[in-house]
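Participant: what follows is a predicted protein model with its sequence.
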Amino acid sequence: MALLRGVWGVLSALGKSGADLCAGCGSRLRSPLSFANVRRWFSSNFIGYPKKPMTSYVRFSKEQLPIFKAQNPDAKNSELIKKIAELWRELPDAEKKMYEDAYRTDWQAYKEEINRIKEQLTPSQLVSLEKEIMQKRLKKKALIKKRVKLKTINESWKNLSSSQKQVYIQLAKDDKVRYYNEMKSWEEQMVEVGRDDLVRRSVKYTAK
């Protein structure tokens, strides 16, 4: 799950090609390396504010995923991610180091760009920006937590027996009937007080 989020969390396309750096990489790599131009990392929320660079593994995954997908069009993304993770683990240290070095270089450029931007902001602008960044991080963290929780609930549901599931299915049916009756009663009251505009279009009641 974390690996899948990491791959699909990469929002910006890779730019400058690094094919020349890949000479002699061997047959393990299925496509040439490509390294991002740090000037292209711009957030859609903050004008001119750079995005964090991709980690070495995420960069590798982003390059390999389209290739694996073309070779296995019917495979699920989760299956492809597992294969890419295995390929990454088997990658020789010398080849893996190229991705790690690229990440360190990009990270240094990212920090320098951040410092340059912060120097141009007023104290109030800096506070507002940091607050907005923090809110964005908290929102992302909450979303990830929600996905993990939903996954856990889904797994728990799958492990229930048919008889256990039937209890919840019946409760859902009862809730549906209760909702229908309450809605019907409320809409009839709206019609009586002349608020037909609040009644669902597919339902018509006659005032008593």
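Facilitator: Nice, thanks for sending it over.
Participant: use CA for all of it now, contacts and neighbours both
Facilitator: Noted.
Participant: check which element follows the helix ranked longest in the chain along the chain.
Facilitator: As far as residue count goes, and with DSSP state H defining each element, the longest helix of the chain is helix 123-158. Counting by DSSP states H and E, the next helix or strand C-terminal to helix 123-158 is helix 162-192.
Participant: list the buried residues for that following helix?
Facilitator: Within helix 162-192, the residues that qualify as buried are 187-191, counting by 16 or more other C-alpha atoms under 10 Å.
Participant: coming back round to it: distance between the longest helix of the chain and the chain's centre?
Facilitator: In terms of C-alpha atoms, centre = their mean, to the nearest Å, the gap separating the centre of helix 123-158 from the centre of its chain is 11 Å.
Participant: in it, what's buried?
Facilitator: For helix 123-158, by 16+ other C-alpha under 10 Å, it's residue 129.
Participant: just for the chain, where's the confidence low?
Facilitator: 1-48, 203-208 (pLDDT under 70).
Participant: look at residue 54 and say how many residues are nearby.
Facilitator: A count of nearby residues for residue 54, using other C-alpha atoms under 10 Å, gives 24.
Participant: is it correct that it falls within a strand?
Facilitator: No. Using DSSP: H, G, I helix; E, B strand; the rest coil, the secondary structure at residue 54 is coil, not a strand.
Participant: would you confirm that it contacts residue 104?
Facilitator: No. At 10.0 Å, residue 54 and residue 104 do not qualify as touching, with contact defined as C-alpha atoms under 8 Å.
Participant: check which helices and strands the helix or strand residue 82 falls within sits against.
Facilitator: Under the criterion DSSP H and E, the helix or strand holding residue 82 is helix 77-90. In this structure, helix 77-90 makes packing contacts with helix 2-8, helix 56-71, judged by 3 or more C-alpha pairs under 8 Å, 6 or more residues apart in numbering; DSSP states H and E.
Participant: what residues sit buried inside the last one?
Facilitator: Judged by neighbour count (16+ other C-alpha under 10 Å), helix 56-71 contains these buried residues: 56-65, 68.
Participant: next, the angle from it to helix 77-90.
Facilitator: Computed by axes from the mean of the first three to the mean of the last three C-alpha atoms, to 10 degrees, the angle separating helix 56-71 from helix 77-90 equals 130 degrees.
Participant: helix 56-71 packs against which elements?
Facilitator: Counting contacts by 3+ C-alpha pairs under 8 Å, 6+ apart, the secondary-structure elements packed against helix 56-71 are helix 2-8, helix 77-90, helix 93-120.
Participant: next, the angle from the longest helix of the chain to helix 93-120.
Facilitator: In this structure, helix 123-158 runs at an angle of 140 degrees to helix 93-120, with the same axes, to 10 degrees as the basis.
Participant: now residue 193. Its backbone dihedrals?
Facilitator: Main-chain dihedrals, residue 193, degrees, to the nearest 10: phi -90, psi 10.
Participant: kindly apply the preceding question to residue 53 instead.
Facilitator: The main-chain torsion angles of residue 53 are listed as degrees, to the nearest 10 and equal phi -70, psi 160.
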